[in-house]
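1. What would the 3D arrangement of this be:
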Amino acid sequence: MYVGALELDVLLGDVHSLKEKRSVVRPVVAELRKRFEVAVSEAGHLDLHRRSLIGVAAVAADLEHVRDVLAACERLVAGRPELELLSARTRLVGPEDE
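-> Numbers count the residues shown, from 1 in each chain. A predicted model of the protein is given here:
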């Protein structure tokens, strides 16, 4: 079993309140969850209205599948015009890491 975690630090465009932030971040989180069947949550910068840290996790029997899914998630977020992807960090854990 392999587990992959992806942290996406994003800057939001023309957002002036936490309510507006939610209206931008929630659809992205929902699309990632639905399209890629991953666990995803807004995991950081909760009190900042122009920044968000989106966490994505995937589990599979094949390491390449986990890598592919997380890379696709990163591409989806990077391609959203209302967001600017500042950084992406991936961590992978497998049986050899015990």
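2. nearest residue to residue 57 other than its sequence neighbours?
-> Nearest non-adjacent residue to residue 57, counting by CB to CB, 6 or more residues apart in numbering: residue 39, 4.4 Å away. C-betas here are computed from N, CA, C, even on glycine.
3. OK, contacts around the one you found?
-> 33, 56-58 (CB atoms under 8 Å, 6 or more residues apart in numbering).
4. And stretch 72-87, what's buried?
-> 73-74, 76-77, 83, 85 (16 or more other CB atoms under 10 Å).
5. do the same with stretch 25-37
-> In stretch 25-37, residues buried by neighbour count (16+ other CB under 10 Å) are 25, 28-29, 32, 36.
6. about what we covered before: sort out for me which of the contacts of residue 39 are in strands.
-> Judged by DSSP state E, strands contain the following of those: 56-58.
7. Which of these sits closest to residue 12?
-> residue 56 (17.5 Å; CB to CB).
8. Test of understanding: give the bridge partners of that closest one.
-> Counting by DSSP bridges, residue 56 forms beta bridges with residue 6, residue 40.
9. close enough to count as contact, it and residue 8?
-> Yes: between residue 56 and residue 8 there is a contact at 7.0 Å, judged by CB atoms under 8 Å.
10. Now do the shared contacts for those two.
-> Common neighbours of residue 56 and residue 8 (CB under 8 Å, 6+ apart) are residue 73.
11. Could you pull out the helices in this structure for me?
-> 18-36, 63-78 (DSSP state H).
12. would you turn those helices into JSON lines with distance to residue 12?
-> Shown next, in JSON lines, are the helices of the chain (distance: least, CB to CB, whole Å):
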{"stretch": "helix 18-36", "distance to residue 12": "5"}
{"stretch": "helix 63-78", "distance to residue 12": "12"}
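13. Any idea which of those helices gets closest to residue 2?
-> Comparing the helices of the chain by CB to CB, helix 63-78 comes nearest, at 4.7 Å.
14. Include pLDDT, distance to residue 95 and neighbour count when you put the ones in strands among the contacts of residue 39 into CSV, please.
-> As requested, the ones in strands among the contacts of residue 39 are arranged in CSV below (pLDDT from 0 to 100; distance: CB to CB, whole Å; neighbours: other CB atoms under 10 Å):
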residue, pLDDT, distance to residue 95, neighbour count
56, 98, 21, 26
57, 98, 17, 16
58, 97, 16, 23
